[in-house]
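Q: Give me the fold of what follows.
(chains A and B)
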Amino acid sequence: MSNATGAARKPPILLPELVEGHAMYPPKSYPSTGSGNNFLTFPNSANATGRYRPKILAVVGPNASGKSDLAIRLARRFGGEIISADSRQVYRGMDIGTGKVERDERRAKSEERRAHRLATFHIPHSTFRSQGIPHHLLDVASPRTTFTATHYQKLAHRAIRDILKRNRLPIICGGTGFYIDAAVYNYDLPAVPPNPKLRARLEKITAEVLFHRLKKLDPRRAKNIDPRNKRRLIRALEIVLQSGRPSPSPSSALHRTSLYRVLKIGLNPQPNKLRERIHVRLLKRLRQGMVAEVRKLHAGGVSWQKLDDFGLEYRYVSRYLRGLLPKEQMISRLETEIWHYAKRQMTWFKRDKEIIWVKNEREAAVRVKKFIESC
RNA sequence: GGGGGCAUAAGCUCAAUGGCAAACUGUCGCUCUCCAAAAGCGAACUUCUAGGUUCGAAUCCUAGUGCCCCCG
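A: Residues are numbered from 1 along each chain as shown, chains lettered A, B, ... in the order given. Prediction:
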C-alpha cells in the first residue's frame, strides 16, 4: 500500500495488455552506462512495483512553435529519445515542406561522434538521428502509400517500449494531436484496414444517404458522428460493412487510460510571434528548395491528387506546379493556410487540460526534472 | 467648363421585381477514435452622407461627397 499512494486515488485498470506489457518493467539487468554521463541516467527503471507505470514525456504545440528544438534539448539533458508525432513527417522524401529535423551526417565532428556513441550505442545504426539524438517514426513510409493513425499507433507503441527497454526517456514530439493521443492513451482503433474501392463507391453518395445507412447499421456511432462529414461517415460505414461489427465505443474502459505516466509540455508562442515565425520559416523553406522537393515527389510517382491531400506546402506548391496559381499567390495563400492549421492545432490542444504550458526551455526543464524525480 | 457611369462587411469589377440584405476571401471560435497538415461545423462585421416619395427603399427622386470614363 505504501508505495501505491499515487495510484490510490485513481485505481489503474489492469487490462491484459497492460499487465503483459509491463511484465518487463523494470528491466532486470540492463547494461549500465557506468560513465555517469547524464545522457544515460534516467530513473525509468527504479520503483519496481506491480503497477509501475513508466514515464514518458510529450512535447506538443502548433506548427513553428519550436517543439523540435525543445525536444532535442530535453532529450540531451534527460537522456531521451524522440518519437515524432507528425502525420506527414512519417513519409520519406517529405523533408523541407514538413520541417523535418536535419539528419546527422555520417561524418560528424569527433566530439559529436563521441556523444553519439555514448548516447546511442545500443540503437540500430540505421536509426534517424539529429544532433545525436535518435528520432523515431520519421521516414517510415513511402509517400505513395496511405499511412494511417493505426500504423502510427502500432509503431509508436513499439518505439516507446524499445526506448524504455534502454532505460531512456521517450519523448513524443509533434503537432498531430490525434496521433499523440492514439499513442499515449491506448485508443482502441478497430482493425479494419482502409478499402479504397469501397471508399470510392461511397464517395459518390451524398452525406445524407450515408448517414441514413449508418443509422441503420451502427446506431451508436451514428448518434455522435457529424452527419455532414462525409469522410467520417465513410470510415464508420467501412468499419461496419467490413467487420460486420459496429465501431468500438470510445467510452469503453480503454478510453483515456494510459499505459504510461505522461507529462505533457506545451509550447504556444504569442499569436503575432507565431505568425512572424511562420512567415520567416516559409520563406526559408522556399530558399531551401521546397518547390523542387514537391516536383521530385511527383516525378517519383506521387500523384497530384495525393499531393493535394497532404495539404499545406504539398497542396499549394503542387497547385503552383500544375499552373493553377501563380507563385505570389501560392506563397500568400500558404501563409494563411499554415496559420489556420496552427489555430486548428491549438483548438485540439486547448481541450487537453493535462498539458502544462511553458514559455521556454528553462521552465520545461524544471517540470521535467520534477516529473522524473517523482514516484 | 459640359456630359455620362459607379458607390453594398476588413477585402472583392460581389448577389438581391420596391417586400427577411446574400455568397466568397479574411477575422474569430468550434468538432474529432485510423486519409487528422485531412475533413466538417458555427459566429461577428455590411447598403457613402442628408433629405424626399412610399404601408415598405440597397433599389425610385433631389442635393452633396468620393472615384472612374468621355467631350472640350
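Q: ok, then the element right after the helix or strand hosting A:R281?
A: Using DSSP states H and E, A:R281 sits within helix A:271-288. Sequence-wise, the next helix or strand downstream of helix A:271-288 (DSSP H and E) is helix A:290-299.
Q: And that next one, what's buried?
A: Neighbour-count burial for helix A:290-299, counted by 16 or more other Cβ atoms under 10 Å, picks out A:290-291, A:293-294, A:297-298. Any C-beta I mention is one placed from the backbone N, CA and C, and that applies to glycine too.
Q: Run through who's touching the helix holding A:R281.
A: Contacts to helix A:271-288, defined as Cβ atoms under 8 Å, 6 or more residues apart in numbering, come from residues A:62-66, A:96-97, A:99, A:268-269, A:313, A:331, A:334-335, A:338-339, A:342.
Q: same thing but 6 Å
A: Applying Cβ atoms under 6 Å, 6 or more residues apart in numbering, the contact partners of helix A:271-288 are A:64, A:96, A:335, A:338-339.
Q: same deal with stretch A:187-204?
A: Applying Cβ under 6 Å, 6+ apart, the contact partners of stretch A:187-204 are A:150, A:234, A:238-239, A:242-243, A:247-248, A:254.
Q: what about 8 Å?
A: Contacts of stretch A:187-204 (Cβ under 8 Å, 6+ apart): A:146, A:148-150, A:153, A:181-182, A:210, A:230, A:233-234, A:237-239, A:241-243, A:247-248, A:250, A:252, A:254-255.
Q: Filtering the residues you listed by proximity to RNA strand B, which remain?
A: A:146, A:148-150, A:230, A:234, A:239, A:247-248, A:250, A:255 (Cβ under 7 Å from any atom of the strand).
Q: Could you identify the longest helix within chain A?
A: helix A:327-351 (DSSP state H).
Q: Return the set of buried residues in it.
A: Buried residues in helix A:327-351, defined by neighbour count with 16+ other Cβ under 10 Å: A:330-331, A:334-335, A:337-339, A:341-342, A:345-346, A:348-349.
Q: I'd like the next helix or strand past it.
A: Downstream of helix A:327-351, the first helix or strand assigned by DSSP H and E is strand A:356-358.
Q: Do that following strand and RNA strand B come into contact?
A: No. Using Cβ under 7 Å from any atom of the strand, strand A:356-358 stays clear of RNA strand B, coming no nearer than 14.5 Å.
Q: Each with direction, which strands does that strand pair with?
A: Pairing partners of strand A:356-358, with direction, according to DSSP bridges: strand A:261-267 (parallel).
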